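**Q** The following block contains a protein sequence and its predicted model.
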Amino acid sequence: MVATLDNVEPTSFTSANRHPQWCQAMDSELTALLKNQTWTLVPYHPSMNIKQLDVQNAFLHGLPNEEVFMSQSLGFTDTAHPNHVCRLNKSIYGLKQALQAWFERLSSFLLEVGFEGNDTALVSRFIQQIAECKSVSTLISSTARLTMTSGNLMEDLTVYRSTVGALQYATLTRPNIQFAVNKVCQYMHRPTVDHWAVVKRILRYLKGTINNGLALDRTTSMTLSAFSDADWAGCVNDRKSTGGFAIYLGSNLISWSSRKQATVARSSTESEYRALANAAIELTWLQSLLKKLHIYLPRAPIL
C-alpha cells in the first residue's frame, strides 16, 4: 500500500512537499524558470488585482504583449522580498495568452533567419501525402481503448510529436476533434504505431471535412451558458477520467475543452463534479473578460 500511495500524483504543495522526489522535481522546475528569466520580482501594488494562476508545466519561450503579475510560488518565496510579486517576462503554461505569444515569437525568429511567410517547401511533401489519402467521415470512438503499450514503438518519434503538436492548433477552430487530439497527446513521450494510426485517421477526417468550421451568427441573446460532461475511469493506463465542457454566448460556441482530469475520481459523481468545476472556472474567466470589454451580461450564467 505504501508503494501505491507514493506513485499517486500529489494534488497540493503540502502533499508534494512530503516526498523527496517531488521536492527535487519542484526545485528543478523553479531553477529552469529562474535560469530562463521568466519573471522579475517587483513590489506589490493594490492596483495590480492579482488572481490565482496554477502553473502545471514548464515555461514557454513566448513574450507576453501585456503586463502580467502573479504571486510567488508557495514554498519558494524570496526571503529577502517576501511581499514582492512576479512580473512575467515570458509566457508560461497556464496563461491564456501563452499559445499566441509562443507562435508570434517563433514566427518572428523564422522570418529573421530567412524563411518567408508563404514558404511551404518544408511541409509540402507532408501536405501532399495528406491530400492523396482517402478521407473518412468519423473520428475515433469515444470508447476507443488506447494503451501506452499497444503496438510497437515508432522509429521516428519526431514526426508523431510534430504532427500532434500541429493538430492542437486545429482544435482552436475545430472543437469536434478536441477529444481525439487530447487522446493522442497523452502518448507523446512514447508513441507507437497504433497511436500513429489514430493520428492519421484524424488527418483523414480533417481532409474529408476541410470545409467545415464554426458558425458564428449575429444574435441579440447575451446569455452565457455552459454544458459539461465526463466519463469515469476511462483511461486504462491510470484510471483517470476525461472531462470536458462547451460554453455558448447566445447561440455561438465560444469556448470548449476536453482533457484528462488530474487525479483519479472515486465515483462517476466525483468526475462529473470536477467537470462542472472546470466549466465554472472558465465561465468566471469569460465573465471577467467580457466585463473588461464593457460587455455586461443581463443575467447570471447558466451551468
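**A** That came through fine. Numbers count the residues shown, from 1 in each chain.
**Q** Just the mean pLDDT for stretch 28-36, thanks.
**A** Mean per-residue pLDDT for stretch 28-36: 79.
**Q** list the buried ones in the host helix or strand of residue 27?
**A** Assigned by DSSP states H and E, residue 27 falls within helix 20-35. Residues of helix 20-35 classed as buried by neighbour count (16 or more other CB atoms under 10 Å): 22, 26, 29, 33. (Each C-beta comes from the backbone N, C-alpha and C, glycine too.)
**Q** Tell me how many other residues crowd residue 283.
**A** 20 (other CB atoms under 10 Å).
**Q** gap between it and residue 227?
**A** 11 Å (CB to CB, to the nearest Å).
**Q** what do the two both touch?
**A** residue 247 (CB atoms under 8 Å, 6 or more residues apart in numbering).
**Q** hmm, who's touching the longest helix seen in the chain?
**A** Taking DSSP state H as the criterion, the chain has its longest helix at helix 268-292. With CB under 8 Å, 6+ apart as the test, helix 268-292 has contacts from 96, 224, 226-233, 241, 243-245, 247, 249, 254-255, 257, 261, 265, 296-297, 301, 303.
**Q** Filter these down to the ones in strands?
**A** Among these, the members falling in strands (DSSP state E) are 224, 226-230, 243-245, 247, 249, 254-255, 257.
**Q** Save those residues as CSV, and put in neighbour count and pLDDT too.
**A** Formatted as CSV, those follow (neighbours: other CB atoms under 10 Å; pLDDT from 0 to 100):
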residue, neighbour count, pLDDT
224, 22, 94
226, 20, 96
227, 14, 96
228, 21, 95
229, 15, 94
230, 23, 94
243, 25, 93
244, 20, 92
245, 23, 94
247, 21, 95
249, 20, 92
254, 15, 91
255, 18, 92
257, 18, 90
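**Q** Please name the nearest non-neighbouring residue to residue 208.
**A** Nearest residue to residue 208 in three dimensions, chain neighbours excluded: residue 135, at 3.0 Å (CB to CB, 6 or more residues apart in numbering).
**Q** quick one, what contacts the one you found?
**A** Residue 135 neighbours (CB under 8 Å, 6+ apart): 204-205, 207-209.
**Q** Now which of those residues would you call buried?
**A** 204-205, 209.
**Q** right, and residue 161 touches residue 191 too?
**A** Yes: the pair residue 161 / residue 191 is scored as a contact, 7.3 Å apart, by CB atoms under 8 Å.
**Q** Comparing the two, which residue is more hemmed in?
**A** residue 191 (24 against 16).
**Q** Helix, strand, or coil at the residue lying farthest from the centre of the chain?
**A** Relative to the mean C-alpha coordinate of the chain, counting by CA atoms, centre = their mean, the farthest residue is residue 80 (34.2 Å). Classification of residue 80 using DSSP: H, G, I helix; E, B strand; the rest coil returns coil.
**Q** how near is residue 297 to residue 245?
**A** In terms of CB to CB, residue 297 sits 18 Å off from residue 245.
**Q** For the residue nearest to residue 208, give me phi and psi.
**A** Backbone geometry at residue 135, expressed as degrees, to the nearest 10, gives phi -80, psi 160.
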